[in-house]
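K.L.:
Just need the structure, nothing else, for what follows:
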Amino acid sequence: MEKKFLKPESTFLMVIDPQEKLMAVINEADRVVKNISLLVHLAKTFEMPIIPATQYAKGLGPYVSDLAPLFEGMNFYDKTEFSALKNKDIHAAVDNLRPTRDTIILCGVETHICVYQTALSALLEGLEVVVAADATSSRTAANMEYGLAFLRDIGAQIMSTEMIIYEFLEKAGTPQFKAMLPYLK
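P.N.:
Predicted coordinates for the structure are as follows:
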């Protein structure tokens, strides 16, 4: 795949399952929550669509309290499928963004299950996939590493949250840079 710079006008963010009961057992959950928060602020700053997904919310609960306020007023997509794109409502939401938005940024949990399967589905449907590696994790560090390695092998771009943020910002001094600066300190 030929690398190109990420552009806000062709990108959307999908947040996968940072829910109370699941995050309680996730390796380095604080890191994941912090970086998901940064990505949501970035998406809002650049007016990019955000698709928040939950895995069986009845059983795993809502998003963790540190993230919940960032999603106020948004439509959550509850799923039982591990690949979010195999859920008909999420698939329809993604289809509504295409062809204008052809790049998906993925974050959330678990790297080796829902993030991986969603990325694979997105790649098979012709989307470019960026995984924010430090905004994802699994119950074990090993499964996170296996998941990230396989994601790279199948063609997903593996980036850090800051790489994504600064690629969007392009330079200092802009209104977007000033809007993001408080979150980057």
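
K.L.:
Check whether Ala132 really touches Met159, as I assumed.
P.N.:
Yes. Here Ala132 reaches Met159: they are 6.3 Å apart, a contact under CB atoms under 8 Å. In this view, the C-beta of every residue, glycine as well, is placed from N, C-alpha and C.

K.L.:
More neighbours: which of the two?
P.N.:
Ala132 (27 against 18; other CB atoms under 10 Å).

K.L.:
Now name the helix or strand holding the more buried one.
P.N.:
Using DSSP states H and E, Ala132 sits in strand 128-137.

K.L.:
Which residues outside the lengthiest helix in the chain are in contact with it?
P.N.:
Assignment by DSSP state H gives helix 29-45 as the longest helix of the chain. Helix 29-45 is contacted by residues 12-13, 15, 18, 23, 26, 48-50, 64, 66-67, 70-71, 105, 107-109, 132, 134-137, 161, 164-165, 168, 176, 179-180, 183-184 when judged by CB atoms under 8 Å, 6 or more residues apart in numbering.

K.L.:
Buried residues in it, which are they?
P.N.:
29, 32-43, 45 (16 or more other CB atoms under 10 Å).

K.L.:
What segments of this structure are strands?
P.N.:
Counting by DSSP state E, the chain has strands at residues 11-16, 50-55, 77-79, 103-109, 128-137, 157-159.

K.L.:
So for the first one, mean pLDDT?
P.N.:
If you average the pLDDT over strand 11-16, you get 98.

K.L.:
oh, and call the first residue 39 from now on, that's how I've got it
P.N.:
Sure thing, new numbering starts at 39, so read that last one as strand 49-54.
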